[in-house]
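> below: sequence and its predicted model.
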Amino acid sequence: MQKLVVKGKKSLSGTVKISGSKNATLPILAASILSDKKIELSNLPIVKDVITMSELLKHIGSNIKLNLKKKKIFINNNGRKLNTVAPYSLLKTMRAGVIILGPLLSKFGKAKVSLPGGCAIGPRPVDIHLFGLKKMGATIKIKDGYILAEAKNGLVGTKITLPSISVGATENIIIAASYAKGNTHIKNCACEPEIKNLTDFLKKMGVKISWVNKREIKVVGNQKLKSVKHKIMFDRIEAGTFIIAGAVAGKKLRITDIESKILSKEMTILRKMGINLKISKNEVTVLYSKEIKPISIITEPYPGFPTDLQAQIMVLMIKAKGLSKIRENIFENRFMHVPELNRMGAKIKVKGNLSLINGPQELNGAEVMATDLRASVSLVLAGLIAKNRTSINRVYHLDRGYEFIEKKLKKCGANISRLNY
Ligand code: EPZ
């Protein structure tokens, strides 16, 4: 096991280059199952979940080559018949693996994919995924923890209104519709930028896709796809994390290789908290801000404030003068960082899906436990401003979604190191 040790009270200054998006890469890798032609992906984030997804594709027979140095992936299935069974052993660490269900079913007419099961932040059901695939003609059974899906004559395009907004279900259904017979019209879609990056990728492969409005998309299935080269978009959650790190511990922190307009909600919230931001098209500089004001936020689907930045902004709220509130509207159990932050001296109360954060509070370094990807990074941010040392255990959670985080932080002046224990 490994832990990160952070010696606090060091201010951050310098430049952080944001990596490619994990949450854009995963659905695009799943969509590669549809194609028999060459695929080249660049600006890949070298994080555990992307390695896991590549291993999952390799396991089912995909001809996939990872070039870690160049941050590129090369795929060329060239008409191979892939194995349509995705085992629990490969899905248990990464729920997003369920997103290969749609492409396997659409391309090969059947799929046996392990139910992903829950994770620390909630039960993570897949009923909306299955709802959409059934609408397209799939017969689906659940047996022994597996989804058994069949569509002997392939999936057929149709009209689908999703019962509630789901990123993964939207992605699964769009990918399935891309190879289905005929047109699919999907309403009540999630519209995260990562889904836009997925549809850009599918369009380059020759799928006719049009976003008719914010949450409505039309897909014309195409079974003759083209070779494609595609650059993965920047990771907006990594970018948001470092912008908040700059607000929490920064003197002058420049974050580059981003598209600022995608982060407008986050920057509006930070400015309301009194954070001094210099924003241009592809970068933002966070300057030291003397007084931090409290704020109340709710997490919402894009373009609302993202649940994936909730744990991080909570650390900034600890420094704010007064009472801040966070209502977590997306996941059932996403306040597991609170007990760890309170052990460091924060004064945070949780009532159901509402957290009340009293500030400003001085934090003291402690041994803390990472529980999920974003909770773990909030403990790193807390360690940056705490007195003495903070050890963040089970750092494998962090490695799932942040590329070389201690290197990036060290380069900006943080005293942070990775130890085996
Ligand atoms: C994606 O998860 C992201 N993961 C999550 O990021 C992110 O927090 C989440 O979207 C919300 O933005 C990836 O993109 C790989 P959902 P996903 O389906 O697709 C319920 C990270 O830290 N729901 O939009 O699983 C669900 O329980 C990760 O990078 C159903 O009820 O999220 C949740 O309450 C964590 N039935 C809500 O919808 C379903 O069939 C939103 O989930 C599907 C979802």
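Received, thanks.
> neighbours of whichever residue of the chain sits closest to the ligand, how many?
Relative to the ligand, the nearest point of the chain is residue 168 (2.8 Å; C-beta to the nearest ligand atom). Every residue, glycine included, has its C-beta placed from N, CA and C. By other C-beta atoms under 10 Å, the residues close to residue 168 number 23.
> give me the nearest residue to it, chain neighbours excluded.
residue 99 (5.9 Å; C-beta to C-beta, 6 or more residues apart in numbering).
> which residues does that neighbour contact?
The neighbourhood of residue 99, defined by C-beta atoms under 8 Å, 6 or more residues apart in numbering, consists of 26-27, 30, 168, 171-172, 175.
> over to residue 336?
120-121, 371-372, 375.
> in three-state terms, label the residue nearest to residue 168 for me.
helix (DSSP: H, G, I helix; E, B strand; the rest coil).
> what's the pLDDT at it?
Here, the pLDDT recorded for residue 99 equals 97.
> what residues does stretch 47-63 touch?
19, 22, 25-26, 29-30, 32-33, 44, 64, 66, 73, 75-78, 80-87, 90-91, 93-94, 96-97, 100, 104, 396, 399-403.
> got it, and stretch 176-188?
Under C-beta under 8 Å, 6+ apart, the answer for stretch 176-188 is 31, 34, 102-103, 105-107, 132-133, 136, 154-165, 170, 173-174, 202, 205, 207, 209, 215-223.
> can you mark which positions in that stretch are buried?
176-180, 184, 186 (16 or more other C-beta atoms under 10 Å).
> same thing with stretch 348-356?
348, 353, 355.
> who does the first one bridge with?
Looking back up the chat, that one is residue 348. residue 357 (DSSP bridges).
> identify the farthest-apart pair in the buried residues of stretch 176-188.
For the buried residues of stretch 176-188, the farthest-apart pair by C-beta to C-beta is 179 and 186; their separation is 14.8 Å.
> what's the helix or strand for the nearest residue to residue 131 once chain neighbours are set aside?
Of all residues not flanking residue 131 in the chain, residue 163 sits nearest, at 6.5 Å (C-beta to C-beta, 6+ apart). Here residue 163 is covered by no helix or strand, with elements defined by DSSP states H and E.
> pretty sure residue 163 contacts residue 132?
No - judged on C-beta atoms under 8 Å, residue 163 makes no contact with residue 132 at a distance of 9.6 Å.
> tell me the contacts of residue 211?
191, 196, 199, 217 are the contacts of residue 211 under C-beta under 8 Å, 6+ apart.
> what lines up beside the stretch of helix or strand it belongs to in the sheet?
Assigned by DSSP H and E, residue 211 belongs to strand 208-213. Sheet partners assigned to strand 208-213 using DSSP bridges are listed as strand 216-220 (antiparallel).
> hmm, back to that, residue 128 versus the residue nearest to residue 131, what's the distance?
Per C-beta to C-beta, to the nearest Å, residue 163 is found 6 Å from residue 128.
> same question for residue 40.
32 Å.
> ok, and the closest non-adjacent residue to residue 181?
In space, residue 181 is closest to residue 156, 5.2 Å off (C-beta to C-beta, 6+ apart).
> give the contact list for that neighbour.
Counting by C-beta under 8 Å, 6+ apart, residue 156 has contacts 136-137, 180-182.
> and the closest residue to residue 411 other than its chain neighbours, what are its bridge partners?
Leaving aside its chain neighbours, residue 411 sits nearest to residue 14 (6.0 Å; criterion: C-beta to C-beta, 6+ apart). Here residue 14 sits in beta bridges with residue 253, going by DSSP bridges.
> what pLDDT does the model give residue 14?
Model confidence at residue 14 (pLDDT) stands at 97.
> how about residue 117?
Reported pLDDT for residue 117: 71.
> ok so, going back, can you list the contacts of residue 156 in TSV and add secondary structure?
Output for those, formatted as TSV (three-state DSSP):
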residue	secondary structure
136	coil
137	coil
180	coil
181	strand
182	coil
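> taking those, tell me the two that lie furthest apart.
Top of the distance list for these (C-beta to C-beta): 137 and 182, 10.4 Å.
> quick check: residues of the stretch 1-150 of the chain near the ligand?
Contact residues (C-beta under 6 Å from any ligand atom) of the stretch 1-150 of the chain with the ligand: 23, 26, 96, 122, 124-129.
> of those, just the buried ones, ChimeraX syntax please.
Listed next is the ChimeraX selection for buried residues among these, using 16+ other C-beta under 10 Å:
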select :23,26,96,124,126,128,129
